[in-house]
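Novice: give me coordinates for this.
(2 chains)
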Amino acid sequence: MTNLPICPQSTHMLVVEGLVKEFKKGPRIGPISFRINRGEIFALVGPNGAGKTTTIRMLLGIYRPSTGDIYLCGKKIRSLQGVASYVPEESAVYPRLTGYEHLYFYALLYTNNRTHAKRLADRAAEYTGLSARDLRRKVQEYSKGMKRRLLLGIALALETPILVLDEPTAGLDVHSAVHIRKLIKGEAEKGKTIILSSHNMFEVERLADTVAFINRGRIVALGTPRELLEKYNAHDLEEAFVKATSR
Amino acid sequence: MNTSGLGRIRALASKDAREFLRDRRTIALMVISAFLFPLLGLMVAGLKTQQKGLVAINICDEGAYAEALARLIKEYITKYTPFNITIVYSVNSCGSVPGATVTLIIPRNFSENASSLGNPVIVRLYKLVGSPAATDAESIINTALSVFSRVLAAERVKRLSEIAGLQLNPDYVLEPVRIVSEAVTETGAIAPPGAEEKAEIARFLAFAVFFVLNPAAIAVADAVARERESGTGEILAVTPLRGTEFVIGKTLGSMAAVAIAGSLDLVAALAYGYAVLAGSATPVSVALFHSLQTILAILVTVSITIFATLLVPGQRTATLLTSIITGTAMLIFFSALFVDIQALPAPIKAIMYIVPYTHTVLAIHSYALGNIVRALEHSLIVILLSLGLFIGSARVYKPDRLVRR
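Specialist: Residues are numbered from 1 along each chain as shown, chains lettered A, B, ... in the order given. Next comes the predicted model:
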């Protein structure tokens, strides 16, 4: 289990420098560079195919970057594998397991102590907001929102310093989306660093401390929502994004 | 590997096993495959004995020999088939009987020729074109005719010997060459009693491995490919789970499928002994060894499947791979029913030896015939191949193999 690391005040929690991914077939992504502080919510915003998911996958070690470096608390690391918990865009579950079995399974992958894993699963169960009865049901009976809550619940409960969320509220009803945004905000306030990708400008504007506009594999603008609004003389982030990507 | 690694392996294996045990359809398919396919085979054989038909014997001769032959054929037809039989006496019109599957014509002068010393005795047979039932009836009539022919031949020899004033046993004239056969082992020693029956059981049991192998292969291939296709692999790839742990976890998880297949196989193997060999029991040790071979065959299938699906990920690969495995397994196990693999020319044998299931077949044959060392050698080949593929799988593992692009 990785506890939340205490970085020296002068050091960023995560530094990404010149991350590039070149595919044999497909466009080149990068170079991508940014810095994130502890407890910060960092949003990657961009259209489909802009490179958000590839950037996230490079960070998480799913794709090996062609070049570039990642630093955690000033220490160079290969990837965030095992350091970050992750909720991909697709609510992928094991249909024949119950909700609680899911939580316990992922908890066991992050800790070798069964009692601790049980505690993490119990905490995750609270985060999901699902009833005990629902958690005893097989996941194949869950709605899309319930699956999302399940995955987010365990990702939040795991004591990883970084949480990565790909489109966390995509396709969810209003109640589920509000519940999930509250959880994200709450975890950031507790000191967890959060990286999220989203299409939803309203969500980004309300949640994110720092926003990176990404287009055609490159970050075209980076700053707090207020800085971006001022820089592009825009009323909202959507307008700022359009202006940033049409230049 | 540290304790965390072992914990992660246990978590993955237990998750996979739980998923498999809750997959009632696949388990039902395994049960059906283990018992239904052999039953279907027996049913097909049984259907052959249920064919209906009409055998007509048209007697155009009034002698005693014609009557005797008709009686003999009627006895054989009634004994071995459910065919109806009709005997027609038609001295004037000596042709086929309309509507009959087979008509046997006993022509005029049949008895006269039969009682002679040198004349040929001819009967004529008309059979319905394109009818397997007619072919079966013809085969039984031929058997009856050969018995009748031998009786006539013995009578002729007896009469000739009386004319020549010789004391002869007609049997030694008609069949002067006799074969005394004995079963021997590969070393040339006389085989113990019952060895031939054991070999027959082993041949069938080797074929029977195929029945449970197929659904198990599908289940395991699916367990690996599904992680990628359903998207759960993307989450797994980010956890602290390493490649070696993934491969071992998946393998141990498939043990649920292996255990069920092995148990089903043991029960089925004992049952086959009774069903196929009409009451001869499969020796328990042979049945147990057969189950062990089934487990090893599934293990090697698991290792091939994991290796291939990690090397070329995707559901299509898994489906294609399962088809290849099923086809190859069918070829090998079906060959084992009819072909002595050891007696094949070296180049063909070498190609077959590359396929692990050949060693499964040979291990079962060798064990049933008492050659324990050779049985263990073949088992060891399967084990080593599985281990090699597991190590290879851990090497080719990369997190992006679990993720759809």
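Novice: which parts of the chain are strands?
Specialist: Went with chain A since none was named. Using DSSP state E, the strands of chain A run over A:14-21, A:29-36, A:41-45, A:67-72, A:75-77, A:84-87, A:162-166, A:193-198, A:210-215, A:218-223.
Novice: please refer instead to chain B.
Specialist: Using DSSP E, the strands found in chain B span residues B:54-59, B:84-89, B:102-106, B:124-127.
Novice: would you put the C-alpha positions of stretch B:132-149 in PDB?
Specialist: Provided in PDB are the C-alpha atoms of stretch B:132-149 (Å, rounded to 0.1, in the frame of the first residue of the first chain):
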ATOM      1  CA  PRO B 132     -27.600 -48.600 -46.600                       C
ATOM      2  CA  ALA B 133     -30.200 -51.000 -45.200                       C
ATOM      3  CA  ALA B 134     -29.900 -53.100 -48.400                       C
ATOM      4  CA  THR B 135     -26.100 -53.200 -47.900                       C
ATOM      5  CA  ASP B 136     -26.500 -54.400 -44.400                       C
ATOM      6  CA  ALA B 137     -29.000 -57.100 -45.500                       C
ATOM      7  CA  GLU B 138     -26.600 -58.200 -48.200                       C
ATOM      8  CA  SER B 139     -23.800 -58.500 -45.700                       C
ATOM      9  CA  ILE B 140     -25.900 -60.800 -43.500                       C
ATOM     10  CA  ILE B 141     -27.100 -62.900 -46.400                       C
ATOM     11  CA  ASN B 142     -23.400 -63.300 -47.500                       C
ATOM     12  CA  THR B 143     -22.500 -64.500 -44.000                       C
ATOM     13  CA  ALA B 144     -25.400 -67.100 -44.100                       C
ATOM     14  CA  LEU B 145     -24.300 -68.100 -47.700                       C
ATOM     15  CA  SER B 146     -20.700 -68.700 -46.600                       C
ATOM     16  CA  VAL B 147     -21.900 -70.900 -43.800                       C
ATOM     17  CA  PHE B 148     -24.100 -72.800 -46.300                       C
ATOM     18  CA  SER B 149     -21.300 -73.000 -48.800                       C
END
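Novice: not counting sequence-adjacent ones, nearest residue to residue B:51?
Specialist: Leaving aside its chain neighbours, residue B:51 sits nearest to residue B:133 (4.3 Å; criterion: C-beta to C-beta, 6 or more residues apart in numbering or on different chains). Where C-beta positions appear, they are placed from N, C-alpha and C, glycine not excepted.
Novice: and the residue of chain A found nearest chain B, what is it in contact with?
Specialist: Closest to chain B within chain A is residue A:92: 3.0 Å, counting by C-beta to the nearest C-beta. Residue A:92 sits next to A:151, B:230-235 when contact means C-beta atoms under 8 Å, 6 or more residues apart in numbering or on different chains.
Novice: need the max-distance pair from those.
Specialist: A:151 and B:233 (13.8 Å; C-beta to C-beta).
Novice: output the below-cut-off pLDDT ranges for the chain.
Specialist: In the absence of a named chain, chain A is used. Scanning chain A with the threshold set as pLDDT under 70 gives A:1-10, A:247.
Novice: not what I meant, chain B
Specialist: B:1-3, B:38, B:41, B:45, B:91, B:272-282.
Novice: need the residues of it near chain A, please.
Specialist: B:3-4, B:6-8, B:10-12, B:15, B:18-19, B:22-23, B:230-241, B:398-400, B:403 (C-beta under 8 Å from any C-beta of the partner chain).
Novice: residues from chain A in reach of chain B?
Specialist: Proximity of chain A to chain B (C-beta under 8 Å from any C-beta) is limited to residues A:57, A:60-64, A:80-82, A:84-88, A:90-94, A:96-97, A:101, A:105-106, A:108-112, A:138, A:151, A:164.
Novice: of those residues, buried ones?
Specialist: Among the residues of chain A next to chain B, those scoring as buried are A:57, A:60-63, A:80-82, A:84-88, A:90-94, A:96-97, A:101, A:105-106, A:108-112, A:151, A:164 (criterion: 16 or more other C-beta atoms under 10 Å in any protein chain shown).
Novice: just the ones of those in helices?
Specialist: A:57, A:60, A:101, A:105-106, A:108-110, A:151 (DSSP state H).
Novice: ok and the residue in chain B nearest chain A?
Specialist: Closest point on chain B to chain A, by C-beta to the nearest C-beta, is residue B:231, at 3.0 Å.
Novice: ok, now which ones touch that residue?
Specialist: Residue B:231 sits next to A:88, A:90-92, B:404 when contact means C-beta under 8 Å, 6+ apart.
Novice: rerun at 10 Å
Specialist: Residue B:231 makes contact with A:88-93, B:402-404, according to C-beta atoms under 10 Å, 6 or more residues apart in numbering or on different chains.
Novice: just put those residues in a markdown table and tack on distance to residue B:148.
Specialist: Listed next are those as a markdown table, based on distance: C-beta to C-beta, whole Å:
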| residue | distance to residue B:148 |
| --- | --- |
| A:88 | 82 |
| A:89 | 84 |
| A:90 | 79 |
| A:91 | 80 |
| A:92 | 77 |
| A:93 | 76 |
| B:402 | 74 |
| B:403 | 77 |
| B:404 | 75 |
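Novice: please pick the buried ones from the residues of chain B next to chain A.
Specialist: B:4, B:7-8, B:10-12, B:15, B:18-19, B:22-23, B:230-241, B:398-400, B:403.
Novice: what about the closest residue to residue B:99 other than its chain neighbours, how many neighbours?
Specialist: Distance criterion C-beta to C-beta, 6+ apart; nearest residue to residue B:99, sequence neighbours excluded, is residue B:54 at 6.3 Å. Residue B:54 has 17 neighbouring residues, counting by other C-beta atoms under 10 Å in any protein chain shown.
Novice: repeat that for residue B:159.
Specialist: 13.
Novice: and for residue B:165?
Specialist: Residue B:165 has 6 nearby residues by other C-beta under 10 Å.
Novice: repeat for residue B:192
Specialist: 11.
Novice: could you pull out the helices in the stretch 1-150 of chain B for me?
Specialist: For the stretch 1-150 of chain B, applying DSSP state H, counting those that start in this stretch gives helices covering B:3-21, B:24-48, B:64-80, B:110-115, B:132-164.
Novice: can you list contacts of the fourth one?
Specialist: By C-beta under 10 Å, 6+ apart, the surrounding residues in contact with helix B:110-115 are B:59-69, B:106-107, B:119-123, B:148-149, B:151-152, B:155-156, B:159.
Novice: and the buried ones among these, selectable in PyMOL?
Specialist: In PyMOL, this line selects whichever of these come out buried by 16+ other C-beta under 10 Å:
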select buried, chain B and resi 59+60+61+63+65+66+67+69+106+107+121+123+148+151+152+156
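Novice: got a list of what residue B:186 touches?
Specialist: Per C-beta under 10 Å, 6+ apart, neighbours of residue B:186: B:342, B:366, B:369, B:371, B:374.
Novice: if we can go back for a sec, in JSON lines: the contacts of residue A:92, plus distance to residue B:214.
Specialist: Output for those, formatted as JSON lines (distance: C-beta to C-beta, whole Å):
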{"residue": "A:151", "distance to residue B:214": "34"}
{"residue": "B:230", "distance to residue B:214": "23"}
{"residue": "B:231", "distance to residue B:214": "27"}
{"residue": "B:232", "distance to residue B:214": "25"}
{"residue": "B:233", "distance to residue B:214": "25"}
{"residue": "B:234", "distance to residue B:214": "30"}
{"residue": "B:235", "distance to residue B:214": "31"}
